[in-house]
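S.K.: Fold the following, please.
(chains A and B)
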Amino acid sequence: KNQVEQSPQSLIILEGKNCTLQCNYTVSPFSNLRWYKQDTGRGPVSLTIMTFSENTKSNGRYTATLDADTKQSSLHITASQLSDSASYICVVSARPGGSYIPTFGRGTSLIVHP
Amino acid sequence: DTGVSQDPRHKITKRGQNVTFRCDPISEHNRLYWYRQTLGQGPEFLTYFQNEAQLEKSRLLSDRFSAERPKGSFSTLEIQRTEQGDSAMYLCASSPPAGIQETQYFGPGTRLLVL
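M.R.: Modelled structure (predicted):
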């Protein structure tokens, strides 16, 4: 069964600090892994997308890493801001292109305190 | 605004009523997806369209749910005989033609409350 597990479930940090969110998956065959940011009451917004051959991808203060051998990914947030408070969702797709059913993690809820 | 739009943004209905939601994808995106999301959970896949063809459906999509994309542009999701368990956020997403780097662009969602 395809699964995506995220940890921690929730995280509270102080503004300006760094943090790292984890994603483990059992989706096979692997196609790509995406990280989304979802603000409360809004739809998810894509942060990064990585394929099998990519180890790291950055988007501003967000840096995602991928280890396809261990089936793990992380999202590192540098110098956190209050606006980073949101849910971060890891999504893994099993087939390259074409039609597919992506597997979503439950998300990590991040709260950044001033 | 050229993003994915959904209408309505909020819907309150009584159990047993039918509801219909609309999604307008980004123009020229031939792929369209519907998801359901409950509090504290990630989105759950419901169904997927490529142009006007409904290519995949989740087993979550019971016979009370039906989705259409008649002209390959906007899509509707109808829930018949709503139940309290249908209360959730219904998200629509679209993406451009196939590629392994394809990213889904999500709409703001329609929040449904069934009383």
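
S.K.: just checking, what packs against the lowest-mean-pLDDT helix or strand in chain A?
M.R.: In chain A, no helix or strand scores lower on mean pLDDT, DSSP states H and E than strand A:103-104, which sits at a mean of 89. The contact analysis (3 or more Cβ pairs under 8 Å, 6 or more residues apart in numbering or on different chains; DSSP states H and E) places strand A:103-104 against strand A:86-93. Every C-beta, even on glycine, is put in place using the N, C-alpha and C of the backbone.

S.K.: Can you tell me what sits against the strand it packs on?
M.R.: Contact with strand A:86-93 is made by A:2, A:4, A:6, A:21, A:23, A:25, A:27, A:30-40, A:44, A:47, A:73, A:75, A:100, A:102-110, B:42-43, as judged by Cβ atoms under 8 Å, 6 or more residues apart in numbering or on different chains.

S.K.: How about stretch B:65-73?
M.R.: By Cβ under 8 Å, 6+ apart, stretch B:65-73 touches B:24-25, B:27, B:30, B:32, B:34, B:46-47, B:49, B:51-52, B:54, B:61, B:75-80.

S.K.: Which among these count as buried?
M.R.: B:24-25, B:30, B:32, B:34, B:46-47, B:49, B:54, B:61, B:75, B:77, B:79 (16 or more other Cβ atoms under 10 Å in any protein chain shown).

S.K.: list the contacts for the residue nearest the centre of chain B?
M.R.: In chain B, the C-alpha nearest the mean C-alpha coordinate belongs to residue B:34, at 3.1 Å (Cα atoms, centre = their mean). The contact partners of residue B:34, taken as Cβ under 8 Å, 6+ apart, are B:23, B:46, B:47, B:48, B:67, B:75, B:77, B:90, B:91, B:92.
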